[in-house]
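In: quick one, structure for this:
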Amino acid sequence: MVKKITGILFLMLVVISGVQGQYSQYMVNGLVINPAYAGSRDIFSLSGSYKQVWTALPGAPSYQQISTHMPLKNDRIGLGMVLGNNKEGASQTMYGSFDYAYRIHFEKSVLSLGLRATAEYKKENFDGLHYDPADPVFVNNSVFQPNFGFGIYYYNSRMFAGLSMPRMITYGMTDSSFTENLTSYNPNDYHYLATAGFLAGKGKLKWKPTVLFQYFGFQKDYSVDLNSFFILFDDKVWLGASYRTGGKTIADQVVGLIEVKITEQLMIGYAYDYTMGPYSSMLSGSHEIYIRFEPVHTIKAINPRYF
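Out: Prediction:
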């Protein structure tokens, strides 16, 4: 019974913190939600993110991630890689993903099909907690979990749309409880993400609204992100805001974002998430820092600056 309650509480923590939506600046780094994004900027692109969630809570979740992607000389192929480390209380997950994208070029647009292979190493450490050493639940343990995913990404100079299932194996989850050894390959349990957006305006002022819909199949729940970016000063400053709403388990959030292009090669971003609802004062806000480096100045992509 204790084991089941512990699992359910951990599952709630993961879902409420946003799961895939834990990084609020995914709209400038589409690889984190869709493997088909690999190579779409048509140059070598290197990004890093750090997020501290619910800063008022001791032992609150924190996330670090490095991602890189590029096209090959045969520009039909894009390759990407994501490395990350998630710490949530006594649990830590380290993971690495390799992405392969096959890109079909049309006259003014590109359709990309992506595959993802992921390896996750999860471990729990209860040394800092007060617990009964005789309880077999509270022991240091670890598990290795492989996974795979799929994505589709279409874009041109004024719009984009994508659909992805980044993890198609579900471990230890059912509709209503947490079961440590259960593994599901059922499409009804997948985590689905659908995203779309467009670019309006020209010159010194542009507007980029986007939407992200997530469906968490294992929990029969969902969330919706409504995002809006204003691109100012010849693309040097991006000011944005997001509203993230959900169903029965995901708390609503509002997000403020700013991206600043320091040089043509370097962009730095910051996001502040505020969790709404009765626990907002207890949880406080979340801070996220994002850095993107692209060493090559000349770019051939259809619209690499915005999508």
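In: what stretches of the stretch 1-150 of the chain score poorly on pLDDT?
Out: The model of the stretch 1-150 of the chain has pLDDT under 70 over residues 1-21, 56, 126-140.
In: got the buried residues for stretch 100-111?
Out: Y100, A101, R103, V110 (16 or more other CB atoms under 10 Å). C-betas here are computed from N, CA, C, even on glycine.
In: next: stretch 34-45.
Out: Within stretch 34-45, the residues that count as buried by 16+ other CB under 10 Å are N34, P35, A36, Y37, A38, G39, S40, R41, D42, I43, S45.
In: and stretch 222-232, by the same measure?
Out: Y222, S223, D225, N227, S228, F229, I231.
In: re earlier: which of the buried residues of stretch 34-45 sits closest to T195?
Out: Relative to T195, the closest of the buried residues of stretch 34-45 is N34; by CB to CB it sits at 7.4 Å.
In: who's in contact with that closest one?
Out: G114, G151, I152, Y153, G162, L163, S164, P166, L193, T195 (CB atoms under 8 Å, 6 or more residues apart in numbering).
In: rerun that using 7 Å as the cut-off
Out: Shown in contact with N34 (CB atoms under 7 Å, 6 or more residues apart in numbering): G114, G151, Y153, G162, S164.
In: of those, which belong to strands?
Out: For those, the ones inside strands are G114, G151, Y153, G162, S164, with DSSP state E as the criterion.
In: check these and tell me the two furthest apart.
Out: G114 and G162 (9.2 Å).
In: start to end distance for stretch 257-271?
Out: From its first residue to its last, stretch 257-271 covers 4 Å (CA to CA, to the nearest Å).
In: show residues contacting the host helix or strand of V82.
Out: Assigned by DSSP states H and E, V82 belongs to strand 77-88. Contacts to strand 77-88, defined as CB under 7 Å, 6+ apart, come from residues 13-14, 31-32, 35, 38-40, 61-72, 92-103, 112.
In: buried subset of the residues you listed?
Out: Members of those classed as buried by 16+ other CB under 10 Å are 13-14, 31-32, 35, 38-40, 61-63, 65-71, 92-93, 95, 97, 99-101, 103, 112.
In: from the buried residues of stretch 34-45, which is closest to N125?
Out: P35 (30.8 Å).
In: picking up where we left off before, show me the buried residues of stretch 100-111 that map onto helices.
Out: Under the assignment DSSP state H, the buried residues of stretch 100-111 contribute nothing to helices.
In: among those residues, which lie within strands?
Out: Y100, A101, R103, V110.
In: which one of the residues you listed is nearest to Q52?
Out: A101 (31.1 Å).
In: look up how far D75 lies from the closest one.
Out: Per CB to CB, to the nearest Å, A101 is found 11 Å from D75.
In: over to L266?
Out: For L266 relative to D75 (CB to CB), the value is 24 Å.
In: just S228 next, same as before
Out: 32 Å.
In: what of T183?
Out: On the measure of CB to CB, T183 and D75 end up 38 Å apart.
In: now do L57
Out: 46 Å.
In: next one: G59
Out: From G59 to D75 the distance is 46 Å (CB to CB).
In: mind telling me what element D75 is part of?
Out: Here D75 is assigned to no helix or strand, by DSSP H and E.
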